[in-house]
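**Student:** sequence and predicted structure below; questions after.
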2 protein chains.
Amino acid sequence: MKAAQAPIGVFDSGIGGLTVVREIMRQLPDEQIIYFGDTARVPYGPKGPETVRRYSSEITAFLAGQGVKAVVVACNTATAHALGMLQANLPIPVIGVVEPGARAAVRGSHGGAIGVIGTAGTIASGAYERAIRALAPEIRIAVRACPLFVPLVEEGWLDTEATRLIAHEYLAPMTAERVDTLVLGCTHYPLLKPLLSQIMGPEVRLIDSAEETAAETARILDSRGLRAQAETRGEHRFVASDAAEQFLRMGQRFLGAAIERVETTTLG
Amino acid sequence: MKAAQAPIGVFDSGIGGLTVVREIMRQLPDEQIIYFGDTARVPYGPKGPETVRRYSSEITAFLAGQGVKAVVVACNTATAHALGMLQANLPIPVIGVVEPGARAAVRGSHGGAIGVIGTAGTIASGAYERAIRALAPEIRIAVRACPLFVPLVEEGWLDTEATRLIAHEYLAPMTAERVDTLVLGCTHYPLLKPLLSQIMGPEVRLIDSAEETAAETARILDSRGLRAQAETRGEHRFVASDAAEQFLRMGQRFLGAAIERVETTTLG
């Protein structure tokens, strides 16, 4: 198999990264994808940097064993803690979600502050602040960890009164800082877009890293001559580290398409 | 060291099991305790039975290596999925939280239905229903998974308006079934007791397994001649599989006392 025909490996702590897969499928329909969701150890958000790095190494070793030509870290927490390490250790391109999200935010902002919401781990890491400041040193940034958003999304409570109250609480600093651009720094959050948009108002731009990350993946594959030829439609494999039932049940909501089969494998 | 002077091993997916440790410390002040919180893989609630059994085996192997004389599975999900397996495989007594909770519920109920709330995994396992039916085959039982309670407790939102709305939603079937006894089938839930009690009303008895589990532990140690002699005050060690910071920060709320030191160790 030529390298360009090899699959792209995509991983996340669970199913949230399927929002990134969805965008890669849309922008790169000829590519094969192998997705790994670490459902046995989800969530990464509250866990420490060392633990997240260890899990990320185990997953990329698995993906490398599957012969992937590139890895997309479709998890904000794993990107925040492990991207540099993975890029240093792997001989193939490794693309995270933070840099593309930061770039889109800086491009989208027009003089106001940029807000970033994410898991406890992503926010504590300061990764978005560093990435935004590298592009726009003077810009004001407001950050807030929103640990209840992931379980609310997984419960399917995308627009209940309780979700609305919690979102108001979490977004209060964003409104106070008058952000004009809000980075959804967790792959679960795009499902809350309608609610978050209502709360922030139509003038605030919501940045969902998935689109930018898929575009970045396309650019990097092109620059290395690794884009798949359209010989066949890309095949997509889904692998999880815990029982696949929940993956099948909830994955569709994130992927926007039915998942027919999920393989399971044990890591660690 | 005589067997009776060995520590009791207690484990949970994270910090919730500290509510059980607290009760053991109160009822068995002479006992040494070694607590293991699997914070690197928390929560177990949404995970599949096989995964939870694997994690439980790894933890009990670690505790056995520390020379414990008995193991208390201070996690409802792990008890539901792994207790039988652990009891079959370990040469020391293994005590779960489900049986003691079920017994207290049957004793506390006076003709009404018994309600059980817990994580998705605990409820799906049917463990409480089986344990209650074994004692009182005719009793009506209402169950409800409450996946948002753990993250709400960990966020410290024990009595916000959002928590209240979510609790009303979760408890609606309990009120509809007119339960007179409600089992808090997750070690995080005792922290929500004031709110849950307000919603259910003063006539509904809330069963917190911790107290019963500590009493059961005392009975089993006595029956095997394994109660520690009061030579010294019992020492308590706390071990976590992920960075100890969160453990230290949140553990006190569960334990009701300060935790001075948390060791970390890697499993799996």
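**Tutor:** Arrived safely, thanks for sending. Numbering: from 1, shown residues only, chains lettered A, B, ... in the order given.
**Student:** show the contacting residues for the residue of the stretch 1-150 of chain A found nearest chain B.
**Tutor:** Per C-beta to the nearest C-beta, residue A:48 is where the stretch 1-150 of chain A lies closest to chain B, at 2.8 Å. Every residue, glycine included, has its C-beta placed from N, CA and C. Contacts for residue A:48 (C-beta atoms under 8 Å, 6 or more residues apart in numbering or on different chains) come out as A:121, B:40, B:242, B:243, B:245, B:246.
**Student:** isn't the second one up against residue B:241?
**Tutor:** What that stands for is residue B:40. Yes. The pair residue B:40 and residue B:241 passes the contact test of C-beta atoms under 8 Å, sitting 3.8 Å apart.
**Student:** okay, and the common contacts of these two?
**Tutor:** Common neighbours of residue B:40 and residue B:241 (C-beta under 8 Å, 6+ apart) are A:51, B:266, B:267.
**Student:** tell me the secondary structure at the last one.
**Tutor:** Judged by DSSP: H, G, I helix; E, B strand; the rest coil, the three-state class of residue B:267 is coil.
**Student:** which strand or helix spans the residue nearest to it when sequence neighbours are not counted?
**Tutor:** Counting by C-beta to C-beta, 6 or more residues apart in numbering or on different chains, residue B:267 lies nearest to residue B:58, which is 4.7 Å off, once chain neighbours are set aside. In this assignment (DSSP states H and E), residue B:58 forms part of helix B:49-65.
**Student:** ok, residue A:35 next?
**Tutor:** Using DSSP H and E, residue A:35 falls in strand A:33-37.
**Student:** same deal with residue A:71?
**Tutor:** Short version, using DSSP H and E: residue A:71 is in strand A:70-73.
**Student:** neighbouring contacts of that strand?
**Tutor:** A:8-11, A:20, A:24, A:56, A:60, A:63, A:79, A:82-83, A:86, A:90, A:92-97, A:213, A:217, A:220-221, A:226.
**Student:** give me the subset of those residues lying in helices.
**Tutor:** Among these, DSSP state H puts A:20, A:24, A:56, A:60, A:63, A:79, A:82-83, A:86, A:213, A:217, A:220-221 in helices.
**Student:** by neighbours, which of those residues wins?
**Tutor:** residue A:20 (33 neighbours; other C-beta atoms under 10 Å in any protein chain shown).
**Student:** how close does the nearest residue to that residue once chain neighbours are set aside get to residue B:118?
**Tutor:** Of all residues not flanking residue A:20 in the chain, residue A:74 sits nearest, at 3.7 Å (C-beta to C-beta, 6+ apart). Going from residue A:74 to residue B:118 by C-beta to C-beta, to the nearest Å gives 31 Å.
**Student:** could I get the ones in helices among the contacts of strand A:70-73 as TSV with pLDDT and distance to residue B:107?
**Tutor:** As requested, the ones in helices among the contacts of strand A:70-73 are arranged in TSV below (pLDDT from 0 to 100; distance: C-beta to C-beta, whole Å):
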residue	pLDDT	distance to residue B:107
A:20	96	52
A:24	96	57
A:56	98	49
A:60	98	53
A:63	98	53
A:79	97	52
A:82	97	50
A:83	97	55
A:86	98	55
A:213	96	56
A:217	97	60
A:220	97	64
A:221	97	65
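**Student:** take these and lay them out in JSON lines including distance to residue B:251.
**Tutor:** Converted to JSON lines, these look like this (distance: C-beta to C-beta, whole Å):
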{"residue": "A:20", "distance to residue B:251": "35"}
{"residue": "A:24", "distance to residue B:251": "41"}
{"residue": "A:56", "distance to residue B:251": "27"}
{"residue": "A:60", "distance to residue B:251": "32"}
{"residue": "A:63", "distance to residue B:251": "36"}
{"residue": "A:79", "distance to residue B:251": "29"}
{"residue": "A:82", "distance to residue B:251": "27"}
{"residue": "A:83", "distance to residue B:251": "31"}
{"residue": "A:86", "distance to residue B:251": "32"}
{"residue": "A:213", "distance to residue B:251": "37"}
{"residue": "A:217", "distance to residue B:251": "41"}
{"residue": "A:220", "distance to residue B:251": "43"}
{"residue": "A:221", "distance to residue B:251": "46"}
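**Student:** ok, so of those, who is nearest residue A:260?
**Tutor:** Set against residue A:260, the nearest of those by C-beta to C-beta is residue A:24 (18.1 Å).
**Student:** what's the per-residue pLDDT of residue A:229 here?
**Tutor:** Reported pLDDT at residue A:229 in the predicted model: 81.
**Student:** what about it, how many neighbours?
**Tutor:** 9.
**Student:** and it, what does it touch?
**Tutor:** Contacts of residue A:229 by C-beta under 8 Å, 6+ apart are A:4, A:5, A:30.
**Student:** mind doing that once more with 7 Å?
**Tutor:** residue A:4 (C-beta atoms under 7 Å, 6 or more residues apart in numbering or on different chains).
**Student:** if I look at it, how far off is residue B:87?
**Tutor:** Separation of residue A:229 from residue B:87 (C-beta to C-beta) stands at 58 Å.
**Student:** now swap in residue A:158 and tell me
**Tutor:** From residue A:158 to residue B:87 the distance is 42 Å (C-beta to C-beta).
**Student:** same question, residue A:167
**Tutor:** For residue A:167, the distance to residue B:87 - C-beta to C-beta - is 45 Å.
**Student:** compare neighbour counts for those two and give me the winner.
**Tutor:** Higher neighbour count among residue A:167 and residue B:87: residue A:167, with 23 against 15, using other C-beta under 10 Å.
**Student:** what about the more buried one, helix or strand, and which?
**Tutor:** helix A:161-176.
**Student:** which secondary structure elements does that helix contact?
**Tutor:** In terms of contacts (3 or more C-beta pairs under 7 Å, 6 or more residues apart in numbering or on different chains; DSSP states H and E), helix A:161-176 is packed against strand A:141-145, helix A:193-200, helix B:161-176.
**Student:** show me what counts as buried in that helix.
**Tutor:** Within helix A:161-176, the residues that count as buried by 16 or more other C-beta atoms under 10 Å in any protein chain shown are A:162, A:163, A:164, A:165, A:166, A:167, A:169, A:170, A:171, A:174.
**Student:** what's the weakest-modelled helix or strand in chain A?
**Tutor:** helix A:245-255 (a mean of 88; mean pLDDT, DSSP states H and E).
**Student:** phi, psi of the residue of the stretch 151-268 of chain A at minimum distance from chain B?
**Tutor:** Per C-beta to the nearest C-beta, residue A:243 is where the stretch 151-268 of chain A lies closest to chain B, at 2.8 Å. Here is the backbone geometry of residue A:243 (degrees, to the nearest 10): phi -40, psi 130.
**Student:** tell me, how many residues neighbour it?
**Tutor:** 19.
**Student:** residue A:69 and residue A:90 touch, don't they?
**Tutor:** No. The pair residue A:69 / residue A:90 is not scored as a contact, 11.1 Å apart, by C-beta atoms under 7 Å.
**Student:** those residues of the stretch 151-268 of chain A touching chain B, which are they?
**Tutor:** Residues of the stretch 151-268 of chain A lying close to chain B by C-beta under 7 Å from any C-beta of the partner chain are A:151, A:152, A:155, A:161, A:162, A:165, A:166, A:242, A:243, A:246, A:268.
**Student:** ok so, going back, restrict the least confident helix or strand of chain A to CA atoms and write it as PDB.
**Tutor:** C-alpha atoms of helix A:245-255 as PDB (Å, rounded to 0.1, in the frame of the first residue of the first chain):
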ATOM      1  CA  GLU A 245     -22.900  -0.300  23.100                       C
ATOM      2  CA  GLN A 246     -22.800   3.300  24.400                       C
ATOM      3  CA  PHE A 247     -20.600   4.300  21.400                       C
ATOM      4  CA  LEU A 248     -23.100   3.000  19.000                       C
ATOM      5  CA  ARG A 249     -26.000   4.600  20.800                       C
ATOM      6  CA  MET A 250     -24.500   8.000  21.300                       C
ATOM      7  CA  GLY A 251     -22.000   8.200  18.500                       C
ATOM      8  CA  GLN A 252     -24.500   9.000  15.800                       C
ATOM      9  CA  ARG A 253     -25.400  12.200  17.500                       C
ATOM     10  CA  PHE A 254     -21.700  13.300  17.200                       C
ATOM     11  CA  LEU A 255     -20.900  11.900  13.800                       C
END
